[in-house]
Structure formats: structure tokens, C-alpha cells
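Enquirer: How does the following fold in three dimensions:
(one chain, ligands or ions: 3)
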Amino acid sequence: MTRNKALQKWVSEMAELCQPDRIVWIDGSEEQKRALEREAMASGEIIKLDEEKWPGCFYHRTATNDVARTEHLTYICTSKKEDAGPTNNWMEPAEAYRQAGAYFKGAMRGRTMYVIPFAMGPLGSPFTKIGIELTDSIYVVLNMLIMTRAGEDILEQLGDSDNFTRGLHSKGDLDIEKRLILHFPEDNTIWSVGSGYGGNVLLGKKCLSLRIASWLGRQEGWLAEHMLIMGVENPEGRIDYIAAAFPSACGKTNLAMLIPPEPLQKQGYKVWTVGDDIAWIRRGEDGRLWALNPETGFFGVAPGTNSKTNPNALATIRQNTIFTNVLLTHDGDVWWEGGEGEPPAEGIAWDGRPWKPGMVDEGGKPIPGAHPNSRFTAPIKQCPIISPEWDNPKGVPLTAIVFGGRRSRLAPLVYEAFSWQHGVYVGATMASEITAAQYGKQGQVRRDPMAMLPFCGYNMADYFRHWLEFGKTLPHPPKIFHVNWFRKDEDGSFLWPGYGDNLRVLNWIIERAHGGGAAVETPIGYVPAPGAIDMSGLDISEDTVKKLFEVDARDWLEELEDHRRFFEQFGDRLPPEIMEEYHALKERLSQGGAAE
Ligand code: GTP
Ligand code: SPV
Ligand code: MN
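Expert: Ligands and ions are numbered 1, 2, ... in the order given. A predicted model of the protein is given here:
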């Protein structure tokens, strides 16, 4: 398959370690994919869904202890501990290779090792990075074929170069005690063992495109971010591109595929999807920021996806889609909580057990049929509103950068940072309630700078510095905003309808970025002036609107204590600009300038 000496040597070394019965190179052909599907069906690894209802679709169930990213088993293995920083788990590289090596040893006996050559980004783009993933899972191969550009042409492009990310994955025995997700940025290498779940094993995604890429980005002067990219077309036909970072399961896929609410549709607004999870951002020759989605598919959260909340996602997953850990019925149909229509009369739940609607556990809590972090893997091209620019090798020019989190309290619906430096502070102090996308105490607020806490491949203090320096190279840095779709009232209901109506907020953001849009200054930034956001056709009381934009100085001063505690862990590696912003914010809040 290849004459590349470095690649040949590495593949044979890894085969020596893992002892597979066979090595198969993935060529990207339809025939090979079909054969792999047949093989995985025969072994039960995947189940074919009803061909009429779900053409070309498959079902897969992971082990019950393997349904989300395991951040506590994810490591950055740099020679110096300080280079990984206080927010990452760290292991010394030799020790990491030794520990995981013991799990990899002979792990592929009786199995096939698949060699997947893949590219993140379109071939021929200055953004693009090449990786090779070795895996003993057909499920991983089939997912990588959707999520990345994989196959023979990648090897051709690579030629004799040894400039590729070396990814090794084995399911091992799916034992959480022998699970490790290791990154060696200094060796451009990823080792993942003991898991079969998405973000742990589709090595092109979080491992390469964020953890390794963020490291490369710092060296090469660009940004690798956990961001969606979307285009908003206004009635005059102008398209503004926005990149937005929200933590896992906080609305990136939904925002990227947004359908404008009726009054805005009538005015002629349209949305174009470019990406839903990862953005690579570079400074263009014109001094603007250009963003590219390196993926070719969506690995999206299933629960809550229906024809009301996200019709575009529903249309995207109608065919050629892999469903993981949703509810399966006996007649080859799938369902999930918050999905389309009534639940089926019975089925098999994500954990393989028989399921009926209304089942409750010992504590009386409903037992879900689909895991809250169940997912679909679907080709991006099937999205009805895919942007014609989605695979432009140059990327798309950014009008604005948006940060956001899931905060029941505190953060207003939207606010604008005063400057790039203040915007970096806003990103660095992002926080969100923990969701089912990661193991951990659900609902608890944790700081998640730029939605990158689990994905930054180096010391986060250096990452803040990189953001600050990057901004200084931009003649006109884009404006930075913060949004919160998730603020709740005293009864725990969302104050804001969200989903399609989020476009109303984006329109204000775009107006502001172009120098328009009425705003009021508060200590934390600019919020929309009364009436500046188009609320036409919305059933929302004045009182609710007031609550949505409320900035309570006392609550914020309390929040600031947590900012300080968070930053303290970085010691003197923290850029002074961050504490400068902290003190300025504290001062503004103490002067009692809050709205009220
Ligand atoms: P990852 O794939 O884990 O990175 O997640 P994501 O950021 O793409 O999140 P996604 O769009 O899949 O949304 C996660 C959950 O948030 C789903 O259950 C959605 O229904 C819900 N959600 C998304 N947007 C909104 C919104 O505007 N308001 C409310 N209330 N919920 C939302
Ligand atoms: C996330 O958790 O942010 C995801 C899913 O996008 S995973 O690929 O598992 O990381
Ligand atoms: Mn994500």
C-alpha cells in the first residue's frame, strides 16, 4: 500500500507489539467498506437497521462502562510536567509508553489491525494535517470513513514524508481499569487503549484535531478550537461567518444547523452549516481570521434531536448513519428521549436490556431507553443547509467569535467584550454545568476555558498567552461575545426559547461586529439595549426579558472569587494581562455600575 519507509517501519513495530492476525489497509473504496460492514454485522459489532426506514444505517452499542469520554484517564505526556499544566493529567512519556504498552501487548491476537490513512482538512489546504490510525475495531473504521477524508489518496499526498500523527488504538478488553488515552505532542503520537467510545477512539477528532493540533497551532501560529462554524445570510445576501465555542453537549450542533424562526425566515434570513465541533483558525493574508472545519461528518448528541428542535439534523441522519447507544426496536428502528414521536411499545435499551416506556428504577426515576450521551455519526454532505464553502481549502472569514456555556444563573443571554484582551478573559473564565458527554457530577458548574478544558494539549496558561499574542497580530481583530441560552427562572424553566430563536441574538452580534446595534454598557461588557434584539412573534414577557439581561454585581463579585481561585493554579505562568482584566472587572463591579 505504501513505499513510505517511516510509515512501514512504524506499522510493523506496532504490529509487533499488538500481534494482530492480519493487517488490512483502508483504501477508502465502497467495496471495502461494504465488506467491512458485512463482517461487522456477522460478528454482531453492528446491526443493520430497517433498510426502508433507515437506508444504509447501522446500530452499535458500546460497553456499559464506556459511553462517554473518560477525562480522568486522558493524559498529556510531555517530558516536562509544567508543559502539560495544572489542568491536564500528566504522565512522563517513557512511563506512559510502558504502562499502555503492557495493555497493547498481544491485544490484537485473533483480530485484524486496520491501517487508516486520514486527513483532517481538505487535501492541498495549508490547514490540513495527515494522520494514520491503527485500530482493531471495524466500528472505528466505519466512523472514521464518515468523520474524516480517509483512504489511498491520503498516502499519495503523504508521499515519503514522516510528518503525520501516529495514532494507535485497541479496544483491548474494554476494561476501564486498563483504559488510557495518551497524547505525546512531542512525538506527534496518540495511544488509546481499552475503550470503544467516540471521543476516546476516533483519533482524528478530539485527540488529533484539538489536543495535538492545539500544540501544533501554538508552534505554527494558529488556533485549534472546540468551535462550530456557521454562516448567517441576511436579506441582502451578505453572509457573515461566526465561530462559537460551547462545552460538550451545550448546543454547538444545534446552533450550527439552526433554522430561522418564521418572522426572520420571511425577511429572508438563511443559515449555512460549516462545522459543528472543531474549528482551525488562521490569520489570512488579508489580516482577517479564516476558519476551517477539519472534519467531514457529525458525531452528534441524539437525545433531544427531533423535527422541532433540529429538523436539519433529522434530515442529515436519515441515511448512511451510525447510531450509538440509542434505543433499538425489534424491527430495526431506533428511538431516543426527546426524539421523533411516541416511544415504541418496547425495545432494547442502550445497555442491552429490554425496555418499555414508563419503566422506573428503585428510586422511582425514569429509566431512559437511550443513553443521554448516545450519538449519531452522519456525513456532513447530507446536511440540507451545508455551506458551499464548507470544504474551501482557504476556510471562511470570521465576523465574530462567540463563547458560551450552560449557566442556570448569572450569565446574561448575550454580552460583548470591550476588546480582544477582554474577550480572551471572557473565554478564559467560561464555566458550564457538567453534561452527560463526560464522566463526572452532572449539573455541577466547572470552569471550562474556551470549552477547551478537556482538549488543550498543553499548559492552559500558555494557551491564554497564545490567544493574547495571536490577537496582537490582527490589524482588526473580530469582536468577541458571550452567550448563555440556558438561564433559568426560579422554577427551573429556561427563560429563553433557544434553538431557532438564537438567530435573533446572532443578528445583534453581527450588527455589533459591523459597527451597528444598540447596546448598554455594563461592568461585564455591552448588553443589547432594550429593543435592540428583534423579539417579534415571540411570546416573552418584559419581566423575562429583563431577567435575561440582568447583570447582578453582587453575584458577579462572588463569581470573580472563583475566577481568581482558578487562575491561581497557574502561578506566574499566567499572562499578566489576565489578572489585569480581572482587576479591571472587579473595579467596574465594585463601583456599582451594574444594571439596576
Ligand atoms: P458535543 O457534540 O458534545 O460537542 O455537543 P454540542 O455542543 O454539539 O451540543 P448539542 O447541539 O448536541 O446540544 C446538546 C443538548 O443541548 C441537546 O440535548 C440539545 O437539545 C440542547 N440544546 C441545544 N441548543 C439549545 C438551546 O438553544 N436551548 C436549550 N434549552 N437547549 C439546547
Ligand atoms: C464532545 O464530547 O465534545 C464531543 C463528543 O463532541 S466526543 O467525540 O466523544 O468527544
Ligand atoms: Mn464536542
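Enquirer: which ones are touching Arg465?
Expert: Contact analysis of Arg465 by CB atoms under 8 Å, 6 or more residues apart in numbering lists Pro575. In short, each C-beta sits where N, CA and C put it, glycine included.
Enquirer: Helix, strand or coil: sort out it for me.
Expert: Counting by DSSP: H, G, I helix; E, B strand; the rest coil, the backbone at Arg465 sits in helix.
Enquirer: quick one: contacts for the residue of the stretch 351-500 of the chain at minimum distance from ligand 3?
Expert: In the stretch 351-500 of the chain, no residue comes nearer to ligand 3 than Ala437, which is 7.0 Å away by CB to the ion. By CB under 8 Å, 6+ apart, the contact list for Ala437 reads 68-69, 248-249, 301, 373.
Enquirer: what about 6 Å?
Expert: Going by CB atoms under 6 Å, 6 or more residues apart in numbering, Ala437 touches 68, 248-249, 373.
Enquirer: Ok, Ser209 next?
Expert: Contact analysis of Ser209 by CB under 6 Å, 6+ apart lists 120, 278, 294.
Enquirer: These in strands, which ones?
Expert: Judged by DSSP state E, strands contain the following of the contacts of Ser209: Met120.
Enquirer: Same list, the contacts of Ser209, but as TSV with pLDDT please.
Expert: What follows is the contacts of Ser209, written out as TSV (pLDDT from 0 to 100):
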residue	pLDDT
Met120	98
Ile278	98
Pro294	98
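Enquirer: Please list which of the contacts of Ser209 are also close to ligand 3.
Expert: Residues of these in contact with ligand 3 (CB under 5 Å from the ion): none.
Enquirer: Gly443 in helix, strand or coil?
Expert: Gly443 ends up coil, using three-state DSSP.
Enquirer: you'd agree it is up against Thr435?
Expert: No: using CB atoms under 6 Å, Gly443 is not in contact with Thr435; the gap is 8.6 Å.
Enquirer: Looking at the two, which one has more neighbours?
Expert: Thr435 (18 against 10; other CB atoms under 10 Å).
Enquirer: Next, count neighbours for the nearest residue to the more buried one once chain neighbours are set aside.
Expert: The shortest distance from Thr435 to any non-neighbouring residue, by CB to CB, 6 or more residues apart in numbering, is to Ala249 (3.7 Å). For Ala249, the neighbour count with other CB under 10 Å is 22.
Enquirer: just Gly352 next, same as before
Expert: 11.
Enquirer: cool, Ala553 as well?
Expert: Neighbourhood size, Ala553 [other CB under 10 Å]: 19.
Enquirer: Who does the residue lying closest to Val505 once chain neighbours are set aside form a beta bridge with?
Expert: Distances taken as CB to CB, 6+ apart put Val414 closest to Val505, at 4.9 Å, once the chain neighbours are dropped. Residues in a beta bridge with Val414, per DSSP bridges, are Val483.
Enquirer: ok, now how distant is Val414 from Asp173?
Expert: 48 Å (CB to CB, to the nearest Å).
Enquirer: same deal with Gly443?
Expert: Plainly put, Gly443 is 32 Å away from Asp173 if you go by CB to CB.
Enquirer: which residues does the residue nearest to Gly275 when sequence neighbours are not counted contact?
Expert: Distances taken as CB to CB, 6+ apart put Asn293 closest to Gly275, at 2.6 Å, once the chain neighbours are dropped. Neighbour list for Asn293: 229, 274-275 [criterion: CB under 6 Å, 6+ apart].
Enquirer: Top of those residues by number of neighbours, please.
Expert: Highest count within those by other CB under 10 Å belongs to Ile229, 30 neighbours.
Enquirer: That residue falls within a helix, correct?
Expert: No: under three-state DSSP, Ile229 sits outside any helix and is assigned strand.
Enquirer: If we ignore the residues flanking it in sequence, what's nearest it?
Expert: Nearest to Ile229 is Val274, by CB to CB, 6+ apart, at 3.8 Å.
Enquirer: Return the backbone torsion pair for that neighbour.
Expert: Backbone torsions for Val274, taken as degrees, to the nearest 10, come to phi -110, psi -40.
Enquirer: how close does it sit to Tyr526?
Expert: Applying CB to CB, the value for Val274 to Tyr526 is 26 Å.
Enquirer: next one: Asn484
Expert: Using CB to CB, Asn484 is found at 15 Å from Tyr526.
Enquirer: Could you check which of the two has the larger neighbour count?
Expert: With neighbours defined as other CB under 10 Å, Asn484 and Tyr526 compare such that Asn484 has more, 25 against 19.
Enquirer: where's the closest residue to that one other than its chain neighbours, which helix or strand?
Expert: The shortest distance from Asn484 to any non-neighbouring residue, by CB to CB, 6+ apart, is to Ala411 (4.0 Å). In this assignment (DSSP states H and E), Ala411 forms part of neither any helix nor any strand.
Enquirer: May I ask you to confirm that Ala411 is in contact with Val483?
Expert: No: counting by CB under 6 Å, Ala411 sits too far from Val483 to count as a contact (8.3 Å).
Enquirer: Which one's more surrounded, Val414 and Asp173?
Expert: Each of Val414 and Asp173 has its neighbours counted (other CB under 10 Å); Val414 has more, 28 against 13.
Enquirer: re earlier: so which of the contacts of Ser209 would you say is closest to Lys105?
Expert: Met120 (29.4 Å; CB to CB).
Enquirer: What is the neighbour count of the nearest residue to that closest one once chain neighbours are set aside?
Expert: Once flanking residues are discounted, Met120 sits nearest to Pro294: 3.7 Å by CB to CB, 6+ apart. Pro294: 28 surrounding residues under other CB under 10 Å.
Enquirer: from here on, count from 44
Expert: With the count now opening at 44, the last piece we talked about shows up as Pro337.
Enquirer: my read: Pro337 touches Pro165, true?
Expert: No: in this structure, Pro337 is not within contact of Pro165 by CB under 6 Å, at 8.8 Å.
Enquirer: what's the spacing between the closest residue to Tyr501 other than its chain neighbours and ligand 2?
Expert: Among residues not flanking Tyr501 along the chain, Trp258 sits closest, at 5.3 Å (CB to CB, 6+ apart). Remark: distance between Trp258 and ligand 2 (CB to the nearest ligand atom, to the nearest Å) = 18 Å.
Enquirer: and Trp258, backbone torsions?
Expert: Dihedral angles for Trp258 - degrees, to the nearest 10 - are phi -60, psi -50.
Enquirer: OK, contacts around the residue of the stretch 144-293 of the chain found nearest ligand 3?
Expert: Taking CB to the ion, ligand 3 has its nearest neighbour within the stretch 144-293 of the chain at Ser291, 4.8 Å off. Taking CB under 6 Å, 6+ apart, we find Ser291 in contact with Ala480.
Enquirer: Could you confirm it falls within a helix?
Expert: No: Ser291 is assigned coil when assessed by three-state DSSP, not a helix.
Enquirer: what about the residue in the stretch 194-343 of the chain positioned nearest to ligand 2, which SS state?
Expert: Closest contact between the stretch 194-343 of the chain and ligand 2, by CB to the nearest ligand atom, is at Gly242 (2.4 Å). Here Gly242 takes the helix state, with states given by three-state DSSP.
Enquirer: residues contacting it?
Expert: Contacts of Gly242 by CB under 6 Å, 6+ apart are 112, 249.
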